[in-house]
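>>> my questions concern the predicted model and sequence given below.
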Amino acid sequence: MELSTAHLNLREFRENDWPAILAYQQDPRYLQYYAWTERTAADVQAFVQMFLDFQIAQPRTKFQLAIVLKETGQLIGNCGLRLKSADAFEADIGYELSPKYWGKGYATEAAQAMVNLGFTQFGLHRITTHCLAENIGSARVLEKVGMQFEGRLRENEFFKGRYWDTLLYATLEREWREWGDGKNGR
């Protein structure tokens with residue numbers, strides 16, 4: 001699977017993608033929102049292998065794609081759509097981006113592509129996601145792609161010696177359609 005947006009190519013992962021991922025997953029700014037305190041080459045190779053395994057699963061229900069800048073070919077993150085089952089009416093999306101590229105609209109482009117994919121190719125009724133409440137940038141991305149805030153789970157995650165709140169978001173196919181098939185920015 002390959003998708004294209006204004007500035008990005010979203011493509012299947014390759015085995016040799018791991019060094020680019022390791023480079024950004026070792027950044028302290030990236031690590032602040034994950035349970036991980038460090039990332040090793042072996043960790044990231046296993047991470048990429050998980051995505052490669054998704055590609056050959058039958059039936060395939062998880063579509064995690066590398067985010068690559070069109071202009072340079074640089075891998076800067078990943079995004080995905082994960083169906084609950086092959087005949088699911090609901091799925092969740094996720095994305096991560098190298099901190100070097102935060103604030104440039106790339107996460108919004110990638111997330112919008114995943115929402116569009118879910119509704120156009122898979123005929124989903126509902127797409128959900130969540131983020132840590134302190135990850136304000138991620139929450140803004142979700143709002144920009146038309147997702148609605150559905151709630152806050154208080155202290156439902158525990159890592160790095162503390163509890164974290166999680167924000168829940170979702171959008172329905174009819175909201176996406178009414179909003180302009182995801183083509184409008186907010």
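Perfect, I can see it now. Numbering: from 1, shown residues only.
>>> and the helices in this protein, which stretches?
In the chain, the segments counted as helices under DSSP state H are 18-25, 28-31, 41-56, 106-120, 136-144, 173-178.
>>> what packs against the longest one?
If you count contacts as 3 or more C-beta pairs under 8 Å, 6 or more residues apart in numbering; DSSP states H and E, helix 41-56 packs onto helix 18-25, strand 62-69. Where you see a C-beta, it was placed from the backbone N, CA and C, and this is true even at glycine.
>>> center of this protein - which residue?
For the chain, residue 95 is the residue whose C-alpha lies nearest the centre (C-alpha atoms, centre = their mean; 1.8 Å).
>>> show me what contacts that one?
Neighbour list for residue 95: 67, 77-80, 107, 110-111, 114, 141 [criterion: C-beta atoms under 8 Å, 6 or more residues apart in numbering].
>>> that one and residue 174, how far apart?
24 Å (C-beta to C-beta, to the nearest Å).
>>> which residues does the closest residue to residue 64 other than its chain neighbours bridge with?
Once flanking residues are discounted, residue 64 sits nearest to residue 80: 3.7 Å by C-beta to C-beta, 6 or more residues apart in numbering. Beta-bridge partners of residue 80, counted by DSSP bridges, are residue 64, residue 94.
>>> shaky segments in this protein?
The chain contains residues with pLDDT under 70 at 180-186.
>>> quick check, residue 145 in contact with residue 110.
No. Assessed by C-beta atoms under 8 Å, residue 145 is found out of contact with residue 110, at 9.5 Å.
>>> re the thing from before, ok, the residue nearest to residue 64 - contacts?
62-65, 93-95, 114.
>>> quick one: which two of these are the most distant?
Pairwise distances across those (C-beta to C-beta) peak at 13.8 Å, for the pair 62 and 95.
>>> let me see the contact set for the residue of the chain most remote from its centre.
Distance from the centre of the chain peaks at residue 161, with 25.3 Å (C-alpha atoms, centre = their mean). Residues counted as contacts of residue 161 (C-beta under 8 Å, 6+ apart): none.
>>> and it, how far is that from residue 32?
Using C-beta to C-beta, we find residue 161 at a distance of 13 Å from residue 32.
>>> swap in residue 69?
In this view, residue 69 and residue 32 are 23 Å apart by C-beta to C-beta.
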